[in-house]
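S.K.: Show me how the following folds:
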Amino acid sequence: MPGRRGRTALLIAGAALLGVVAGTCTGFLIQADRSPTALPPLSQPKLAQATGKAPEPLPAAEDRQVKTDGDLRKLLLKKPGGAKAATWLGGDGWMNLTEYAEDFEKPGTMFGNLVRDEFRRAAVTGWETDGGQTVEIRLVQFRQQESLEAADSSDNGQYWADRKSATNSWSVPGTGSGMAYVHTRPDTKAGYVPLYSAEAHAYRGDIAMEVWVYDTKPITKARIMDLAERQMERL
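M.R.: Numbers count the residues shown, from 1 in each chain. Got it, this is the predicted structure:
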């Protein structure tokens, strides 16, 4: 059977511990008698100070923030000559939160979503040509203090446009992720003529662009692309 650890083993262990403590104390006493060692100098490159005048602020014509914080309606495309103004949009060119939300299938849900997404304002224009084609363009602006909602709004429009059957789509040049869509199958309802549609969705900064075109005849790619490109250029 194993032997017990007796008193001798404890004495040996105690003596070893005392030796370690005594050696440590001696080391502290020797270190206390020495003069402190100087620290090496900090290594830091000398920073050159800039000279000359500070750059001038951007003029209002070149400052995008100035443009988009002003009257948003001035950035909308102008009604072409010979076209009739869209009477269904009202007269002042603005859509408030409630009016914008009511254009969706679930207005109540959309109203809450827009409040959460920091909806700021929406400017709208539209017209109707003699041939029966109607155009509606919206610029929807968000505060974007928490997230990039203009991009999300554009993505949402593109998601639903892609879900429609018989749809052709193209990237809108100069917009990054902007897309244009032509729906080649018309909407049909009893008592109404078949109605074709096209749309475009893009964004720049805090503004989402929506373009909608409706016609009793098929709508060309050139038509929707022209409207989308020219409207984005104004942003």
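S.K.: where exactly do the helices run in this protein?
M.R.: With DSSP state H as the criterion, the chain has helices at 7-33, 64-69, 97-101, 107-116, 149-163, 221-233.
S.K.: Let me see the mean pLDDT of stretch 94-105.
M.R.: Predicted confidence along stretch 94-105 averages 94 (mean pLDDT).
S.K.: how about L195, what does it touch?
M.R.: 186-188, 214-216 (Cβ atoms under 8 Å, 6 or more residues apart in numbering). Glycine gets a C-beta too; all of them are placed from N, C-alpha and C.
S.K.: which ones among the residues you listed are found in strands?
M.R.: Among the contacts of L195, the members found in strands (DSSP state E) are 186-187, 214-215.
S.K.: Distance-wise, check the spatially most central residue of the chain relative to A161.
M.R.: Closest to where the C-alpha atoms of the chain average out (Cα atoms, centre = their mean) is L148, at 2.6 Å. According to Cβ to Cβ, to the nearest Å, L148 stands 20 Å off from A161.
S.K.: ok, the residue nearest to T188 when sequence neighbours are not counted to T129 distance?
M.R.: Spatially, and ignoring its direct neighbours in sequence, T188 is nearest to P194 (5.1 Å; Cβ to Cβ, 6 or more residues apart in numbering). For P194, the distance to T129 equals 18 Å [Cβ to Cβ].
S.K.: now swap in A208 and tell me
M.R.: A208 is 25 Å from T129, by Cβ to Cβ.
S.K.: higher neighbour count, these two?
M.R.: Using other Cβ atoms under 10 Å, the more surrounded residue of A208 and T129 is A208, with 24 against 13.
S.K.: The more buried one contacts Q144, doesn't it?
M.R.: No - using Cβ atoms under 8 Å, A208 is not in contact with Q144; the gap is 10.9 Å.
S.K.: shared neighbours of those two, which are they?
M.R.: Common neighbours of A208 and Q144 (criterion: Cβ under 8 Å, 6+ apart): A150.
S.K.: quick one, what contacts V213?
M.R.: Applying Cβ under 8 Å, 6+ apart, the residues near V213 are 133-135, 197-199, 219, 223-224, 227.
S.K.: Can you tell me which of those is nearest G174?
M.R.: In terms of Cβ to Cβ, no member of those lies closer to G174 than L227, at 13.9 Å.
S.K.: so what's the closest one scoring on pLDDT?
M.R.: For L227, the model assigns a pLDDT of 98.
S.K.: I figured it hits E136, correct?
M.R.: No - in this structure, L227 is not within contact of E136 by Cβ under 8 Å, at 10.2 Å.
S.K.: Now do the shared contacts for those two.
M.R.: V211.
S.K.: List the residues that contact G176.
M.R.: Per Cβ under 8 Å, 6+ apart, neighbours of G176: A202.
S.K.: On the pLDDT front, check it for me.
M.R.: 92.
S.K.: before we move on, the earlier item: keep only those of the contacts of V213 that are in strands.
M.R.: 134-135, 197-199.
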